[in-house]
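Asker: Everything below, folded, please.
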Amino acid sequence: MDETGITTVQKPDRIVARRGFKQVGRITSQERGTLVTLAIAVNAIGNSIPPYFIFPRVNFREHMLSGAPPGSAGAANQSGWMKKEHFLHWCQHFVKHTGCSKERPVLLFLDNHDSHLSIDSLDYLKENGVTVLSFPPHCSHKLQPLDRSVYGPLKKYVNTACDGWITSHPGSSMTIYDDPKIVAVALPSAITPKNITAGFKVSRVYPFNECVFSEDEFLPSYATDRPLIEQAKDDEIDRKPNNSPKPKISQDTSPQPGTSRDYSEILNADSSMPKTSEINPPLEEKTPEKQIIKNINILAKEDTELNTQKKNSQSI
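Answerer: Below is the predicted model:
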């Protein structure tokens, strides 16, 4: 026994278009679909019981199963998922269609979900000769026959049936009340004795084989595994002693600038040092322009002295 989801928005399988077109669209009912849970139970010889639907509604009404496969049952809750009270109802549906009893015991395989662990459901199954065996966590992809060979073809046939429904109902949107009709079209093509028996065989449930998991599936994940070569190099570096010579530190007795030296000593030392202009006096630039100006000044000075002497002689 296992559950799967049927949505009102299909995933188109194949689209026919002209060669060279890169963007080809397909019409769907809505942008985001609504999920309806479908529970199916099969046995190792290829038989199955009618499906069980769980609708995302507060109350269940019989008209919700309009067009569903014969013998189908259903329930409703706000989430549309399997809950403990609905699993008890499914157990009654299972006992009704299998005819199991303590004289005709049945072994029921299911996943270890919280909704399957109700005390009322387990007591009811025990009273009717049903032995429950749950799969280990995260192992249904290897051990669940329905996941291995039935639900994959079922989803493809459901998508094809949804495409046909949209083509035959232009301008209409698919609702959750159309899902039972879609399942009635797709289920007979997917839940065949060939697919069911292949699922039990590949999961090694029947014929029983305990070697369903190979040795490489028990290895740790590569993301958390370090390569052995790098690990050996790191270990070798950690064990290797550090014998490299230590650098010699020379002791310099000259005063270094820092907070330990008195600030007044630094000022006195700076004032006692000769200035740069005294050590290296600036050289006089001898350019032609400056030489001409100097000669003009000398001639002007000589003319002034001669004029002064003439004035003195005239006055005498």
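
Asker: Buried residues in stretch 158-165, which are they?
Answerer: When burial is assessed from 16 or more other CB atoms under 10 Å, stretch 158-165 yields the following buried residues: 158-163, 165. Every residue, glycine included, has its C-beta placed from N, CA and C.

Asker: So which of the residues you listed belong to helices?
Answerer: With helices defined by DSSP state H, the entries of the buried residues of stretch 158-165 inside them are 158-163, 165.

Asker: quick one on the thing from earlier: just curious, which of the buried residues of stretch 158-165 is nearest to residue 101?
Answerer: Each of the buried residues of stretch 158-165 was scored against residue 101 by CB to CB, and residue 158 proved nearest at 34.7 Å.

Asker: Once you drop chain neighbours, what's closest to that closest one?
Answerer: residue 186 (4.6 Å; CB to CB, 6 or more residues apart in numbering).

Asker: Figure out the helix or strand that that neighbour lives in.
Answerer: Assigned by DSSP states H and E, residue 186 falls within helix 179-190.

Asker: May I have that helix exported as CSV, CA atoms only?
Answerer: What follows is helix 179-190 as a C-alpha-only set of coordinates in CSV (Å, rounded to 0.1, in the frame of the first residue of the first chain):
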residue,chain,number,x,y,z
ASP,A,179,-9.5,13.8,-11.0
PRO,A,180,-11.5,10.5,-10.4
LYS,A,181,-12.5,10.5,-14.1
ILE,A,182,-8.9,11.0,-15.1
VAL,A,183,-7.8,8.2,-12.8
ALA,A,184,-10.5,5.9,-14.2
VAL,A,185,-9.0,6.4,-17.7
ALA,A,186,-5.3,6.1,-16.7
LEU,A,187,-5.3,3.5,-14.0
PRO,A,188,-6.2,0.4,-16.1
SER,A,189,-3.2,1.1,-18.4
ALA,A,190,-0.7,1.5,-15.5
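
Asker: what sits up against it?
Answerer: With contacts defined as CB atoms under 8 Å, 6 or more residues apart in numbering, helix 179-190 is touched by 6, 8, 36, 38, 51, 53, 64-69, 72, 150-151, 153-154, 156-158, 160-162, 164-165, 174.

Asker: Quick one: residues contacting residue 84.
Answerer: Residue 84 sits in contact with 114-115, 117-118, 120-121, where contact means CB under 8 Å, 6+ apart.

Asker: Can you pick out the ones from these that are in strands?
Answerer: Counting by DSSP state E, none of the members of those fall within strands.

Asker: Now flag whichever of the buried residues of stretch 158-165 is closest to residue 85.
Answerer: The shortest separation between residue 85 and any of the buried residues of stretch 158-165 is 27.0 Å, and it belongs to residue 158 (by CB to CB).

Asker: pretty sure that closest one is in contact with residue 5, am I right?
Answerer: No - with contact defined as CB atoms under 8 Å, residue 158 does not reach residue 5; the gap is 10.3 Å.

Asker: Residue 55 and residue 197, how far apart?
Answerer: Using CB to CB, to the nearest Å, residue 55 is found at 31 Å from residue 197.

Asker: Tabulate the buried residues of stretch 158-165 in TSV, adding columns for pLDDT and distance to residue 179.
Answerer: What follows is those, written out as TSV (pLDDT from 0 to 100; distance: CB to CB, whole Å):
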residue	pLDDT	distance to residue 179
158	92	9
159	88	13
160	88	15
161	90	10
162	87	9
163	84	15
165	86	10
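
Asker: Let me know the closest of those residues to residue 132.
Answerer: Nearest to residue 132 among the buried residues of stretch 158-165: residue 158, at 28.7 Å, using CB to CB.
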